[in-house]
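>>> What follows is a predicted structure for the sequence shown.
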Amino acid sequence: MARDPVLVAALQTRLAVQRIARLCGISSAAVSQWNRVPERHVWAVSKVTGIPAAELRPDLKYYRPPPDKEAAE
């Protein structure tokens with residue numbers, strides 16, 4: 001599977017891979033292996049890169065970010 005061009009652009013942002021990995025709780029190597037943004041990590045990539053979730057994964061019709069952890073406390 002070819003790498004998604006939107007993901008390529010997102011990962012070219014300075015320190016994006018490290019910031020995405022930290023926010024998702026995974027390694028930078030794991031992020032670097034993605035061919036497209038996994039559904040469970042769309043919100044983190046969107047937050048780090050500023051790219052709207054709908055642009056990152058247009059195939060997800062009902063995307064909703066997870067509840068804000070701080071608001072729950």
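That came through, no problem.

>>> for stretch 4-22, the distance to its chain's centre please.
On the basis of C-alpha atoms, centre = their mean, to the nearest Å, stretch 4-22 sits 8 Å off its chain's mean C-alpha point.

>>> nope, stretch 26-40 is what I meant
Distance, centroid of stretch 26-40 to centroid of chain: 8 Å (C-alpha atoms, centre = their mean).

>>> quick one, phi/psi of the most centrally placed residue in the chain?
Closest to where the C-alpha atoms of the chain average out (C-alpha atoms, centre = their mean) is Val45, at 2.3 Å. For Val45, the backbone dihedrals are phi -60, psi -40 (criterion: degrees, to the nearest 10).

>>> Could you give the number of residues near the nearest residue to it once chain neighbours are set aside?
Nearest-residue entry for Val45: Val37, 5.0 Å, with adjacent residues in sequence omitted and distances by C-beta to C-beta, 6 or more residues apart in numbering. Bear in mind the C-beta positions are built from the backbone N, C-alpha and C, glycine included. A count of nearby residues for Val37, using other C-beta atoms under 10 Å, gives 25.

>>> hmm, back to that, shouldn't the residue nearest to the centre of the chain be in contact with Ala10?
Yes. At 5.8 Å, Val45 and Ala10 qualify as touching, with contact defined as C-beta atoms under 8 Å.

>>> shared neighbours, the two?
Val37, Ile51, Leu56 (C-beta atoms under 8 Å, 6 or more residues apart in numbering).

>>> Throw these into JSON lines and include distance to Ile20 and pLDDT, thanks.
Below are those laid out as JSON lines (distance: C-beta to C-beta, whole Å; pLDDT from 0 to 100):
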{"residue": "Val37", "distance to Ile20": "9", "pLDDT": "93"}
{"residue": "Ile51", "distance to Ile20": "11", "pLDDT": "89"}
{"residue": "Leu56", "distance to Ile20": "11", "pLDDT": "90"}
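
>>> now the helices: where do they sit in the chain?
All helices of the chain, identified by DSSP state H, fall at 5-11, 16-24, 28-32, 42-49, 53-56, 69-72.
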